[in-house]
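Undergrad: The sequence and its predicted three-dimensional model are supplied below.
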Amino acid sequence: MSRTTRPVGIYIHIPFCRRRCNYCDFLSTGEATGVPNEYVDALLSEWGLWAETLRRQDLGVRSIYVGGGTPSLLEPLQLRRLIEGVRSAVPAMPDCEITMESNPDSLDAARIRAYAGAGINRLSVGVQSFNDCALERLGRLHDSAGADRALQQAREAGIHNLSLDLMYGLPGSLPGEEVASLRHAIELSPEHISWYNLTLAAGTPLAMSVAEGREVMPDDDTVLGTMREGWSLLAESGFEHYEISNFARPGFVSQHNLGYWLFTDYVGLGLGASGFVSGKRWTNVSNMAVYLAAVLGGRFPVESEERLEGRFREGEYAMLRMRLPGAGLDFATFSELFRDDAQVVFREAFARLMGDGLISVLEDRAVCTQKGLELNNLVAGALI
Ligand code: SF4
């Protein structure tokens with residue numbers, strides 16, 4: 001590793017779940033009891049295809065993120081093979097962050113200890129809510145007591161960097177219920193909380209229930225009120241609001257996720273995974289048989305790719321940066337990356353967004369106002 005080594009994040013997709021949740025449109029199969037070894041072999045083969053390219057480009061692994069699906073269906077030995085496989089082929093940076101997503105129903109004390117022994121140093125737990133009625137409506141397999149237990153076991157297993165996923169804007173929720181759930185999460189003292197608004201995905205059982213009137217989604221004003229209350233509570237509790245839906249205690253910003261918003265390179269491995277290296281973005285095939293045949297046959301399993309160039313690339317970059325409340329879009333970094341002046345490129349968009357009270361343009365950067373964070377899709381739309 002040299003002083004010019006650039007960081008790269010590695011995302012590994014585990015598309016297996018025990019049961020499909022009612023709201024989920026992620027690429028994952030239900031009814032799984034584990035992860036087939038053949039799939040783990042395929043992930044390592046795919047990594048083998050990438051490793052030489054990354055070494056040639058002097059990239060060092062800054063983070064590994066095992067996401068899903070339900071990665072906690074992996075046997076600890078399978079996880080160890082994956083982590084060691086990644087680290088042995090491309091040099092890892094000394095403070096490499098290694099995260100695994102998990103669900104409370106597939107965790108226990110021994111398993112978490114074994115995952116830590118396999119190399120993870122950050123555990124993200126998909127709690128979603130501490131309200132049992134909400135969990136049932138969402139079709140989750142755990143209840144709030146199960147989530148409490150899993151989090152306590154994670155601490156006992158020596159996990160020092162713990163993140164919780166929680167949602168608001170849930171169907172049928174009563175006023176105050178979601179903020180109460182967030183308060184409960186904060187009392188458990190995690191280092192990181194992702195608190196995000198449930199989006200109703202077309203074609204899911206939940207979307208059908210809503211269409212048929214069996215479930216009712218909260219109206220926009222209610223969702224906005226909950227979001228504001230939650231943001232205040234997180235700030236009062238010492239969490240830094242570093243991305244629209246992400247909050248961290250000092251020193252615990254997710255390096256992997258931050259990499260996406262800072263536009264750094266990442267390689268996605270696995271079924272349907274996406275990647276972005278040196279301006280090229282791609283997505284893998286989403287059919288398992290096609291994926292396995294390609295990778296085990298020594299071919300990249302890419303379904304589509306595009307090169308981000310010119311004004312489009314600048315717009316994507318600006319849009320992602322404007323999701324970061326503190327950092328925003330800083331002009332010096334933009335100019336270094338694109339040899340262009342952000343204040344010239346986005347002159348009209350900035351004027352419009354300032355007029356609408358969505359952004360502030362400071363001497364060295366543009367940042368979203370509170371209104372711009374709340375209505376970030378309008379900011380993104382103007383910049384792209
Ligand atoms: S556990 Fe996650 S990926 Fe699996 S079905 Fe539920 S929401 Fe989807």
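TA: Sure thing, it's come through.
Undergrad: Which single residue of the stretch 251-384 of the chain ends up nearest the ligand?
TA: Closest residue of the stretch 251-384 of the chain to the ligand, C-beta to the nearest ligand atom: Gly272 (11.7 Å). For every residue, glycine as well, the C-beta is placed using N, CA and C.
Undergrad: Now do the contacts for that residue.
TA: By C-beta atoms under 8 Å, 6 or more residues apart in numbering, the residues touching Gly272 are His13, Pro15, Leu27, Thr283, Asn284, Val285, Ser286.
Undergrad: What of Leu54?
TA: Taking C-beta under 8 Å, 6+ apart, we find Leu54 in contact with Val8, Val90, Val267, Val277.
Undergrad: Contact residues of this structure facing the ligand?
TA: Contact residues (C-beta under 6 Å from any ligand atom) of the chain with the ligand: Cys17, Arg20, Cys21, Cys24, Phe26, Ser28, Gly68, Gly69, Thr70, Asn103, Gly126.
Undergrad: Out of these, which end up buried?
TA: By neighbour count, with 16 or more other C-beta atoms under 10 Å, the residues of the chain next to the ligand hold Cys17, Arg20, Cys21, Cys24, Ser28, Gly68, Gly69, Thr70, Asn103, Gly126 as buried.
Undergrad: Filter the residues you listed down to the ones in strands?
TA: When DSSP state E defines the strands, the subset of these inside them is Gly68, Gly126.
Undergrad: Strands of the stretch 101-250 of the chain, start to end?
TA: Using DSSP state E, counting those that start in this stretch, the strands of the stretch 101-250 of the chain run over 122-128, 162-168, 192-197, 240-243, 246-248.
Undergrad: wait, the stretch 251-384 of the chain
TA: With DSSP E, counting those that start in this stretch as the criterion, the stretch 251-384 of the chain has strands spanning 265-269, 274-277, 280-284, 302-307, 329-330, 359-361, 365-368.
Undergrad: got the end-to-end distance for stretch 340-360?
TA: 20 Å (C-alpha to C-alpha, to the nearest Å).
Undergrad: So for it, mean pLDDT?
TA: In this model, stretch 340-360 has a mean pLDDT of 96.
Undergrad: How about it, which residues are buried there?
TA: Residues of stretch 340-360 classed as buried: Ala342, Val345, Phe346, Ala349, Phe350, Leu353, Leu358, Ile359 (neighbour count, 16+ other C-beta under 10 Å).
Undergrad: Which members of those occur in helices, if any?
TA: Counting by DSSP state H, these place Ala342, Val345, Ala349, Phe350, Leu353 in helices.
Undergrad: Run a quick check on the first one versus Phe334, I expect a contact.
TA: Translated: Ala342. Yes: counting by C-beta atoms under 8 Å, Ala342 touches Phe334, with 4.2 Å between them.
Undergrad: Are there residues contacting both of the two? Which ones?
TA: Common contacts of Ala342 and Phe334, defined by C-beta under 8 Å, 6+ apart, comprise Glu314, Ala318.
Undergrad: Which positions are bridged to Ile10 in the beta structure?
TA: Partner residues in beta bridges with Ile10, using DSSP bridges, are Ile64, Val267.
Undergrad: and if you look at Val125?
TA: Beta-bridge partners recorded for Val125 (DSSP bridges): Ser102, Leu164.
Undergrad: Against Arg113, how distant is it?
TA: 15 Å (C-beta to C-beta, to the nearest Å).
Undergrad: Isn't Asn376 up against Leu324?
TA: No: assessed by C-beta under 8 Å, Asn376 is found out of contact with Leu324, at 10.7 Å.
Undergrad: The strands of the stretch 101-250 of the chain into JSON lines, with extra columns for mean pLDDT?
TA: Below are the strands of the stretch 101-250 of the chain laid out as JSON lines (pLDDT from 0 to 100):
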{"stretch": "strand 122-128", "mean pLDDT": "97"}
{"stretch": "strand 162-168", "mean pLDDT": "97"}
{"stretch": "strand 192-197", "mean pLDDT": "97"}
{"stretch": "strand 240-243", "mean pLDDT": "97"}
{"stretch": "strand 246-248", "mean pLDDT": "98"}
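Undergrad: Kind regards, and thank you for your time.
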